[in-house]
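Visitor: no sequence on this one, just coordinates:
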């Protein structure tokens, strides 16, 4: 499979939100924004362990929402400001459908949609 026909995706994320980038025709065309996902944490936590469990559950929900945009991914570049991208890659490695994904990560500040598209495109050129 040539590099041009691989299903390549990029994700900018932190522990509260994510922006997903992919090719407009799944495996060809220009990179475009596929979606934005956000954690909706409006719960009141009465204990530290309750808050930790809720945070983990919300992060896993965010991961599932992100993967809904990435069908049959071959290559993935994940970037962001904290450790969420490392946790996301670990989540993918533990999920049968995604464990063979070639993934790379980097650290970056939040950027606008156009800047993110350019950044992701550069990672795969």
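Guide: Arrived safely, thanks for sending. Given the structure is predicted, the values throughout are model-derived calculations rather than measurements.
Visitor: elements contacting whichever strand or helix holds residue 11?
Guide: Assigning secondary structure by DSSP states H and E places residue 11 in strand 8-13. With contacts defined as 3 or more C-beta pairs under 8 Å, 6 or more residues apart in numbering; DSSP states H and E, the packing partners of strand 8-13 are strand 17-23, strand 31-38, helix 48-67, strand 75-80, helix 84-93, helix 113-123. For every residue, glycine as well, the C-beta is placed using N, CA and C.
Visitor: reformat the ones you listed as JSON lines; add distance to residue 6.
Guide: What follows is the helices and strands packed on strand 8-13, written out as JSON lines (distance: least, C-beta to C-beta, whole Å):
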{"stretch": "strand 17-23", "distance to residue 6": "9"}
{"stretch": "strand 31-38", "distance to residue 6": "13"}
{"stretch": "helix 48-67", "distance to residue 6": "17"}
{"stretch": "strand 75-80", "distance to residue 6": "5"}
{"stretch": "helix 84-93", "distance to residue 6": "16"}
{"stretch": "helix 113-123", "distance to residue 6": "12"}
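Visitor: least reliable of those by average pLDDT, please.
Guide: For the helices and strands packed on strand 8-13, the weakest mean pLDDT is recorded on helix 48-67, namely a mean of 82.
Visitor: buried sites along it?
Guide: Using 16 or more other C-beta atoms under 10 Å as the burial criterion, the residues of helix 48-67 that qualify are 58, 59, 62, 63, 65, 66, 67.
Visitor: and these, which two are the farthest apart?
Guide: Looking at the buried residues of helix 48-67 by C-beta to C-beta, the two members farthest from one another are 58 and 67, with 15.2 Å of separation.
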